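Undergrad: predicted model and sequence follow; I will ask about them next.
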Amino acid sequence: MKKILFVINTLGRAGAEMALLSLLDKLRSDEYRIDLYVLMGQGELYDRLPGCVNLLNRDYCTESVLSDAGRRSMAKKVLRSLVNNGRFFRKCGYIIATLARMIKEKNISMEKLLWRVISDGADIFEEEYDLAVAYIEGGSAYYVVEHVKARKKTAFIHIDYRSAGYTRWLDRDCYQSFDRIFTVSDEIKNYFLSVYPECAGKTYVFHNIINQDAIIRQSKKPGGFDDNYMGARLLTVGRLTYQKAYEVAIDAMKLLRDRGRSVRWYVLGEGRERQTLEKQIENLGLCDDFILCGAVDNPYPYYAQADIYVHATRFEGKSIAIQEAQTLSLPIIASDRNGNREQIINGVDGLLCELTPQSVCEAVERLLDDEVLRESMAKQAGLKNIVDDTELGMLLEMI
């Protein structure tokens, strides 16, 4: 029996984590033993792990990484990582040197600053695997390269490498050590190879796998909107982070209201930007118009009941939320940014617009005013072939 280890940073409710669950479900087989190690030992998707997966974490916290309790748990994990496995002063030296460089380059990211410390303080397993998979950037990549014994090692890239703030010096050129690298789209591959051109011969596109049948089934379950609103509903799904540019969406909603549009905007997700966004919403008098619903266990009834899905983000890899909206036949408005433009054919199954309040507002108005176009885009989105299970062979052929 072949032994495969997957490593991911957290198991919270986000795109890469959802894609991993679908991939693991596809690997159900007597031919493989599937182990999973969650670097932070935390995340609310624990109970969705397929039965075929053996979780290696000795201590696991099911709190969301975005909740107060979850953040406290993460802080404790970081502190333990400083002393686990020794090399305390070396770890502190790395933090100081890396922080100094981030300050110099005016690009400070506490998350990226700490990933290597967390990797070096994580559990070490003596078993040798046939294949080790770092399923996301940062800590999991460092951990697989430096602390896992495996005949073959591979890494997944889910984001625009540069826009997300990664650099070769931060990663210590770790991707040179992988036998194969998978990016979730052609555009993401090009961005990655612009930084690591020498990896061109071992870098391939492996699109996210999602379970469309399960999404459709869950969309028919009880749930969704409960406010009895009679106007058009806009929906956005994603964490409340800088990447998602919600401040632009809020300003666009202000324009829509000022123009007398009967529309309400709902956001499913949590994140560190909540307080800032709530203040902006309140200052603009949009408390009844732009609703931060928080994270929900089953978002799919909301998709099914919405009129338009909006994904106006600064950058993407390959958005699971867009794939979910397409699965449930929603017309989509997205910012004309990397990642988004690869998933949508402008004017066919959605609209691409500039990331400005005016442009987003005008795209929404266009779909609100043209029912024929809206229904045509919804139909085309539902017909789109967004899952290619054959790519799984590229991973398994490594063993």
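TA: Received it, and whenever you're ready, just let me know what you need.
Undergrad: my guess is Leu193 contacts Gly201, does it?
TA: No. Contact between Leu193 and Gly201 fails when scored by C-beta atoms under 8 Å: they sit 10.2 Å apart. To be clear about C-beta, it is placed using only N, CA and C from the backbone, and glycine gets the same treatment.
Undergrad: ok, these two, which is more surrounded?
TA: Taking other C-beta atoms under 10 Å, Leu193 and Gly201 do not tie; Leu193 has more neighbours (16 against 6).
Undergrad: next, give phi and psi for that one.
TA: Phi and psi for Leu193, reported as degrees, to the nearest 10, are phi -70, psi -20.
Undergrad: contacting residues for it?
TA: By C-beta atoms under 8 Å, 6 or more residues apart in numbering, the residues touching Leu193 are Cys199, Ala200, Thr203.
Undergrad: can you flag the buried ones in those residues?
TA: Listed as buried from these are Cys199, Thr203; burial here means 16 or more other C-beta atoms under 10 Å.
Undergrad: what about Gln118, distance to Thr313?
TA: I think there's a mix-up here, since residue 118 is Ile and not Gln. Noted for Ile118: a distance of 26 Å to Thr313, by C-beta to C-beta, to the nearest Å.
Undergrad: same thing with Arg151?
TA: Using C-beta to C-beta, we find Arg151 at a distance of 38 Å from Thr313.
Undergrad: the more surrounded of those two?
TA: Using other C-beta under 10 Å as the criterion, Arg151 and Thr313 rank with Thr313 on top: 26 against 14.
Undergrad: which residues are contacting the lengthiest strand in the chain?
TA: Scanning the chain for the strand with the most residues, using DSSP state E, yields strand 149-157. With C-beta under 8 Å, 6+ apart as the test, strand 149-157 has contacts from 5, 16, 125-137, 141, 144-145, 175, 177-184, 188-189, 192, 206, 317, 395, 398-399.
Undergrad: now the helices for the stretch 251-399 of the chain?
TA: Ranges of helices in the stretch 251-399 of the chain, per DSSP state H, counting those that start in this stretch, are 274-283, 300-305, 320-327, 340-343, 357-369, 371-383, 392-396.
Undergrad: mind checking which of those is nearest Arg28?
TA: In terms of C-beta to C-beta, the element of the helices of the stretch 251-399 of the chain nearest to Arg28 is helix 392-396, at 11.8 Å.
Undergrad: got any ranges where the stretch 51-200 of the chain has weak pLDDT?
TA: By pLDDT under 70, the low-scoring segments of the stretch 51-200 of the chain are 105, 107-110.
Undergrad: for it, what spans make up the helices?
TA: 68-83, 88-104, 110-120, 139-147, 168-171, 186-195.
Undergrad: got the contact list for Glu273?
TA: By C-beta under 8 Å, 6+ apart, the contact list for Glu273 reads Leu240, Thr241, Tyr242, Tyr246.
Undergrad: sorry, that was for Leu286
TA: Applying C-beta under 8 Å, 6+ apart to Leu286 gives the contacts Ile250, Met253, Lys254, Arg257.
Undergrad: quick check, nearest of those to Gly93?
TA: Nearest to Gly93 out of these is Ile250 (C-beta to C-beta; 42.0 Å).
Undergrad: quick check, that closest one in a strand?
TA: No. Counting by DSSP: H, G, I helix; E, B strand; the rest coil, one finds Ile250 to be helix, located in no strand.
Undergrad: wait, it sits on Glu282?
TA: No. Taking contacts as C-beta under 8 Å, Ile250 lies outside contact range of Glu282: 10.4 Å.
Undergrad: more neighbours, these two?
TA: A count of neighbours by other C-beta under 10 Å puts Ile250 above the other of Ile250 and Glu282, at 22 against 10.
Undergrad: for Phe182, see how far away that one is.
TA: As defined by C-beta to C-beta, Ile250 lies at a distance of 35 Å from Phe182.
Undergrad: next one: Tyr242
TA: Distance, Tyr242 to Phe182, by C-beta to C-beta: 26 Å.
Undergrad: between those two, which is the more surrounded one?
TA: Looking at Tyr242 and Phe182 with other C-beta under 10 Å, you find the greater number of neighbours at Phe182, namely 23 against 14.
Undergrad: chain neighbours aside, what residue packs nearest to Leu235?
TA: Ala306 (3.8 Å; C-beta to C-beta, 6 or more residues apart in numbering).
Undergrad: burial check on the one you found, number of neighbours?
TA: By other C-beta under 10 Å, 22 other residues sit near Ala306.
Undergrad: what's near enough to touch it?
TA: By C-beta under 8 Å, 6+ apart, the contact list for Ala306 reads Arg233, Leu234, Leu235, Tyr266, Leu330.
Undergrad: reformat these as CSV; add pLDDT, distance to Gln358 and neighbour count.
TA: Output for the contacts of Ala306, formatted as CSV (pLDDT from 0 to 100; distance: C-beta to C-beta, whole Å; neighbours: other C-beta atoms under 10 Å):
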residue, pLDDT, distance to Gln358, neighbour count
Arg233, 97, 22, 20
Leu234, 98, 16, 26
Leu235, 98, 21, 25
Tyr266, 98, 22, 21
Leu330, 95, 23, 24
